[in-house]
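just the structure for this:
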Amino acid sequence: MAQGYHAAAMDEIAERAGVSKPVLYQHFPGKRELYLALIEQHSAEVVECLRGAIEGTSDNKQRVAGAMGAFFDFIDRENESFRLIFESDLTNDPDVRSRVEAVNEQCGRMVAELIHEETGRPWAECELIGMGLSGMAHVAARYWLQKGRQMPREEAVRLLAGLTWRGIAAIPLQEGQPGYEAPGPADRQNEPRDALANVPPPVTDLTGLGQSQQVTHRSY
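Numbering: from 1, shown residues only. Purely as a prediction, here's the structure:
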């Protein structure tokens, strides 16, 4: 089934599962029903992997790294079960599509809830960021696998986690949240535009994981 719905045959599935074809049909009337059951099973697995990474620590920086690692761990499994969810060839089926969309939304929502809790930003903003980050994670992990694991998994996770953390740390706190600081004097608004361009403001670590830091802008 990891190779796709159309490429799978019930005989092959029964053999890989270590059961006879009649036994398989006792539980599933047909291939479609089996496919749906497998999507649900593996969807639950990826959601639990992500939940474990987020709930396993109160350190937000470690949560980011753990979340990225959860997607890489799931996608790097030998059975390639991730293809059922992220590369399904049966999304024209409404039941399949709804299940695939549901697991993507669950992953994005978990990330969004954490951002909303830490920053107090409006839910719509947090939801969009959460969906974007979870999408980036599984797309990057699948690309890493497709390209033959050109770097160690730990290094790939570190790169993505660093990028993600810098982005999340720059999300401004909503007024009223613990740690919120009102904007300073507007004196800088009167400075020449060129001076502002050459002296970027510090980015505050808004999730409590480090000191405020000056962002270095690079020329590419």
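
what residues sit buried inside stretch 115-126?
Within stretch 115-126, the residues scored as buried using 16 or more other Cβ atoms under 10 Å are 115-116, 118-121, 126. In short, each C-beta sits where N, CA and C put it, glycine included.

which residue, other than its chain neighbours, is closest to Val46?
Phe74 (4.8 Å; Cβ to Cβ, 6 or more residues apart in numbering).

so that neighbour sits against Arg83, correct?
No. Using Cβ atoms under 8 Å, Phe74 is not in contact with Arg83; the gap is 11.2 Å.

of the two, which one has the most company?
Phe74 (22 against 17; other Cβ atoms under 10 Å).

so the more buried one is in which element?
helix 60-75 (DSSP states H and E).

now, which of the buried residues of stretch 115-126 sits nearest Ile171?
Closest approach between the buried residues of stretch 115-126 and Ile171, by Cβ to Cβ: Thr119, at 5.2 Å.

that closest one contacts Gly130, doesn't it?
No. Here Thr119 does not reach Gly130: they are 11.8 Å apart, not a contact under Cβ under 8 Å.

Thr91: which of the buried residues of stretch 115-126 is nearest?
Cys126 (26.6 Å).

contacting residues around that closest one?
Applying Cβ atoms under 8 Å, 6 or more residues apart in numbering, we find Cys126 in contact with 112-113, 115-116, 119.

what about stretch 149-161, average pLDDT?
Per-residue pLDDT over stretch 149-161 has a mean of 95.

mind listing what's buried along it?
153, 156-157, 160-161.

burial count for Ser88?
Ser88 has 18 nearby residues by other Cβ under 10 Å.

quick check, it in a helix?
No. Per DSSP: H, G, I helix; E, B strand; the rest coil, Ser88 lies outside any helix segment and is coil.

can you pull the phi and psi angles for Asp89?
phi -100, psi 20 (degrees, to the nearest 10).

thinking again about what came up before, the residue nearest to Val46 and Ala102, how far apart?
Distance, Phe74 to Ala102, by Cβ to Cβ, to the nearest Å: 16 Å.

this structure: helices as residue ranges?
Ranges of helices in the chain, per DSSP state H, are 10-17, 21-27, 31-55, 60-75, 82-86, 94-119, 123-146, 153-169, 193-198.

closest to Gly176 out of those?
Across the helices of the chain, closest to Gly176 is helix 94-119 (Cβ to Cβ), at 11.1 Å.

which neighbouring elements make contact with the closest one?
Where contact means 3 or more Cβ pairs under 8 Å, 6 or more residues apart in numbering; DSSP states H and E, helix 94-119 is packed against helix 31-55, helix 60-75, helix 82-86, helix 123-146.

low-scoring stretches of the protein, by residue?
Counting by pLDDT under 70, the ranges of the chain that qualify are 1-25, 79, 179-220.

can we see that at 90?
Residue ranges of the chain with pLDDT under 90: 1-42, 77-93, 95-97, 99-100, 118-120, 167-220.

could you give the angle of the helix holding Phe74 to helix 153-169?
For helix 60-75 against helix 153-169, the angle by axes from the mean of the first three to the mean of the last three Cα atoms, to 10 degrees is 130 degrees.

relative to helix 94-119, how tilted is helix 60-75?
Using the same axes, to 10 degrees: helix 60-75 against helix 94-119 is 160 degrees.
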